[in-house]
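**Q** Here's my sequence, what's the structure:
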Amino acid sequence: MSANQGYGTPSASSANALGSYFPRALQGPNVVDRAVAILAAKGFTRDNTLFAHSTCVDEVNNADPNSITPRLHAAFGGASFPLGGLAGVPWAGKTGFGAFSAHIPDGGNAFVLFAPHIGINSGSLGKLLRNGQSKGSTCCGAGVAAWNAIKSGATGGGEVDPYDYQQSTLVEQIRQRVGENDVLNAMLAAGGAKTEEDESRAMYAVGQIIYEISCDYMRNMYKQPPQGNIVFMGGMQINMSECTDYFDVWSFELLTKGSNKPIDLLPELLNDPSARSQSMLCPIGRPSPQTAQILRNYFPTALQCNKLADRALAILAARGFNGDNTLFAHSTCVDEVNNSDPNAITPRLHAAYGGASFPLGGLAGVPWAGKTGFGAFSAHIPDGGNAFVLFAPHIGINTSQLGKLLRVGQKNASTCCGAGVAAWNQIKGGGAGSGDVDPYDYQQSTLVSLICERCRQNEVLKKMLASGDAKSAEDESRALFAVGQIIYEISCDYMRNMYKQPPGGDIVFMGGIQINIAECTDYFDVWSFELLKNGSKKPIDLLPELLGDPSAKSRSMLRP
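**A** Model prediction:
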């Protein structure tokens, strides 16, 4: 839109699409004004900051001076370094970012914006009515063309055309990720979109994938300014013909000089303490082919923790759970691997529910805090509020084997879960003892005793003990999976005998197993997801909704 039209307002159909797909989106000027104010307080000025942007070359992204890129360009000295190309992917690469870094003012800072874009026309995603045209055209054209090529099977066999490098690479990068996207995978299986709403859902999913691709590029090409700080803002630009574009900020992260730990500025930008960046700097990653095969064999319904958390939070938000009225408790193993990645399940839920949580667990994730611990947790729940309780053992995967993990800074894989593996090794070696509990090693000695009692009821472990231990790495994986199942059962037994209903609200329990993976954010296989309404003793099974599978049923903790 032209500058003299002001910011304008979306039409009713565009507003509905924004509410459905981008509920937190703000008009470009609002995003820029808030971001500039936040960064000014941290020393970013128009004189000491160089701005770079990786947005699509489509002229619609820079035609309105109030859109996010022109507005930031003007705010930071009227100069900027374009890193992007088709679809907004930072095709300039390492060399381009290196050149940009060399241009930063001495002792100064860098602001990097990266974003795909998508049009809205008559309430549908993926088209835009452009100036001078009588009909809507595709937007983002590169993203839509890539999706159409994938749908038709015309992807070029994965080969890159040197004379159309950006688009042919984009098609291949999207094609590689389609199998991990529930919406696109289902749509391809069904033979494509059946309705305009289906097509909008597909276009939104393609935009999410392009954002992930941009994150991957940016993560592997950025350089810290030699003397200053760098801030990254990522998200989705939403083009509309009737008003200034909107922008949905998905990440806003600051790296201060000499630090590798990002500061999440998104809560401040959105004025929402529960907001968290879809971090470019803390990658989600993907499992290796060997790890993916293990996941399929043992945990076929497992989801990556970030995706699981987002689904669970959305389901519970619709039932009145939010960061102000809900207290989060977790009974997961004290192993640092379970909380070192902000995208893992416990840190993600901790952040979503007010940045506070009550740990109930200890070794192996068993809720050793017991009745007294749960009672204390219950007494801390907001008046009339709700409780979310996560409980889970964990297990590592390393080079096609369960029970080990290659940890940061170590050359060789170590046991994971260490307490579970140690208990199984003690039982195999006949050192489970008489069941006496060592008061100075209460958790582990009790764990050994409880697993030993249940081994006789587990066919895998019973046969393995009878045959004299595992004969292969696959046997050992099967044994450690069975040990994980037993620890889950022990945790269920503890939780069932110690929980209390919040006095004025509802309580939800999520149980399962956390799967630690060195090369990417952990997965989580949800085995139960149950809601107890205030005053009710009959749980509502939320697992079918969580997994999108009506046949799914919780392995109920509340119904032994």
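**Q** low-scoring stretches of this protein, by residue?
**A** Residues of the chain that meet the criterion pLDDT under 70 lie in 1-6, 155-158, 283, 433-435, 469-470, 560.
**Q** Quick check: the residue nearest the centre of it vs residue 522, distance?
**A** Compute the mean C-alpha point of the chain, and by CA atoms, centre = their mean the closest residue is residue 306, 2.4 Å away. Distance from residue 306 to residue 522, counting by CB to CB, to the nearest Å: 9 Å. Placement of C-beta: from N, CA and C, glycine included.
**Q** Residue 398 too?
**A** Residue 398 is 13 Å from residue 522, where distance means CB to CB.
**Q** again with residue 64
**A** For residue 64, the distance to residue 522 - CB to CB - is 42 Å.
**Q** what's the answer for residue 358, then?
**A** Relative to residue 522, and taking CB to CB, residue 358 is found at 21 Å.
**Q** Identify the residues contacting residue 237.
**A** 28, 55, 61, 67-68, 88, 115-118, 245-247 (CB atoms under 8 Å, 6 or more residues apart in numbering).
**Q** Go again with 10 Å.
**A** If you count contacts by CB atoms under 10 Å, 6 or more residues apart in numbering, residue 237 has them with 25, 28, 31, 55-56, 58, 60-61, 67-69, 88, 113, 115-119, 140, 207, 245-248.
**Q** so where does it fall, helix or strand?
**A** Using DSSP states H and E, residue 237 falls within strand 230-239.
**Q** follow-up on the earlier one: quick one: which of residue 358 and residue 522 has more around it?
**A** Per other CB atoms under 10 Å, whichever of residue 358 and residue 522 has more neighbours is residue 522, with 24 against 19.
**Q** List the beta-bridge partners for residue 233.
**A** residue 113, residue 252 (DSSP bridges).
**Q** What sits closest to residue 227 if chain neighbours are left out?
**A** residue 107 (4.3 Å; CB to CB, 6 or more residues apart in numbering).
**Q** again with residue 87
**A** In this structure, residue 87 finds its nearest non-sequential neighbour in residue 142, 4.3 Å apart by CB to CB, 6+ apart.
**Q** Give me the neighbour count for the one you found.
**A** Residue 142 has 24 neighbours, counted by other CB under 10 Å.
**Q** do the same with residue 532
**A** Close neighbours of residue 532, defined as other CB under 10 Å, add up to 19.
**Q** and it, what is it in contact with?
**A** Going by CB under 10 Å, 6+ apart, residue 532 touches 387, 499, 501-502, 506-509, 538-540, 558.
**Q** Quick check: PyMOL command selecting the buried ones in those.
**A** In PyMOL, a selection of the buried entries from these looks like this (16 or more other CB atoms under 10 Å):
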select buried, resi 387+499+501+502+506+507+508+509+539+558
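**Q** from the contacts of residue 532, which two are the most distant?
**A** By the measure CB to CB, 387 and 538 form the most distant pair in the contacts of residue 532, at 17.3 Å.
**Q** tell me the contacts of residue 204?
**A** By CB under 10 Å, 6+ apart, the contact list for residue 204 reads 17, 20-22, 118, 125-126, 183, 236.
**Q** Please repeat the previous calculation with a cut-off of 6 Å.
**A** 21, 125 (CB atoms under 6 Å, 6 or more residues apart in numbering).
**Q** Now name the helix or strand holding it.
**A** Using DSSP H and E, residue 204 sits within helix 196-221.
**Q** Now, the contacts of residue 237 that are in helices?
**A** Under the assignment DSSP state H, the contacts of residue 237 contribute 28, 31, 68-69, 207 to helices.
**Q** By neighbours, which of the residues you listed wins?
**A** Top of these by neighbour number is residue 68, holding 31 neighbours under the definition other CB under 10 Å.
**Q** pretty sure it is touching residue 28, no?
**A** Yes: in this structure, residue 68 is within contact of residue 28 by CB atoms under 6 Å, at 4.1 Å.
**Q** between those two, what contacts are shared?
**A** With CB under 6 Å, 6+ apart as the test, residue 68 and residue 28 both reach residue 247.
**Q** Grab the nearest non-local neighbour of residue 504.
**A** Nearest in space to residue 504, with sequence neighbours left out and distances taken as CB to CB, 6+ apart, is residue 384 at 3.9 Å.
**Q** The one you found: neighbour count?
**A** Neighbourhood size, residue 384 [other CB under 10 Å]: 11.
**Q** distance of it from residue 506?
**A** In terms of CB to CB, residue 384 sits 10 Å off from residue 506.
**Q** Next: residue 536.
**A** For residue 536, the distance to residue 506 - CB to CB - is 9 Å.
**Q** Could you do residue 371 as well?
**A** Residue 371 is 21 Å from residue 506, where distance means CB to CB.
**Q** Same check on residue 458?
**A** Noted for residue 458: a distance of 34 Å to residue 506, by CB to CB.
**Q** quick one: the strands in the stretch 251-400 of the chain?
**A** Applying DSSP state E, counting those that start in this stretch to the stretch 251-400 of the chain gives strands spanning 263-264, 303-304, 326-332, 357-359, 386-392, 394-398.
**Q** Excluding sequence neighbours, find me the nearest residue to residue 327.
**A** Closest to residue 327 by CB to CB, 6+ apart is residue 381, at 4.8 Å.
**Q** and that neighbour, what does it touch?
**A** Taking CB under 6 Å, 6+ apart, we find residue 381 in contact with 327, 387, 502.
**Q** Including distance to residue 297, could those residues go into JSON lines?
**A** What follows is the contacts of residue 381, written out as JSON lines (distance: CB to CB, whole Å):
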{"residue": "327", "distance to residue 297": "37"}
{"residue": "387", "distance to residue 297": "34"}
{"residue": "502", "distance to residue 297": "39"}
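**Q** Go through those residues and say which is closest to residue 407.
**A** Of these, the one sitting nearest to residue 407 (CB to CB) turns out to be residue 327, at 31.0 Å.
**Q** That closest one pairs with what?
**A** Residues in a beta bridge with residue 327, per DSSP bridges, are residue 387.
**Q** To which secondary structure element is residue 525 assigned?
**A** Residue 525 belongs to strand 523-532 when assigned by DSSP H and E.
**Q** relative orientation of that strand and strand 394-398 in degrees?
**A** Compare the direction of strand 523-532 with that of strand 394-398 by axes from the mean of the first three to the mean of the last three CA atoms, to 10 degrees and you get 160 degrees.
**Q** Note down every partner strand of strand 523-532 and its orientation.
**A** Sheet pairing of strand 523-532 (DSSP bridges) gives strand 303-304 (antiparallel), strand 507-517 (antiparallel), strand 540-541 (antiparallel).
**Q** From what I see, residue 541 and residue 552 are in contact.
**A** No: in terms of CB under 6 Å, residue 541 does not count as a neighbour of residue 552; the distance is 8.2 Å.
**Q** Next, work out how far apart residue 528 and residue 512 are.
**A** 7 Å.
**Q** Pick out whichever of the two has more residues nearby.
**A** Neighbours per residue (other CB under 10 Å) separate residue 528 from residue 512, with residue 512 holding more: 28 against 23.
**Q** Who are the contact partners of the more buried one?
**A** 392, 524-527.
**Q** returning to that earlier point: mind checking which of the strands paired with strand 523-532 is nearest residue 364?
**A** Residue 364 lies closest, by CB to CB, to one member of the strands paired with strand 523-532: strand 507-517, at 11.1 Å.
**Q** quick one, that closest one and strand 386-392 angle?
**A** In terms of direction (the same axes, to 10 degrees), strand 507-517 departs from strand 386-392 by 30 degrees.
**Q** Just want the angle from strand 507-517 to strand 326-332.
**A** Going by the same axes, to 10 degrees, strand 507-517 makes 40 degrees with strand 326-332.
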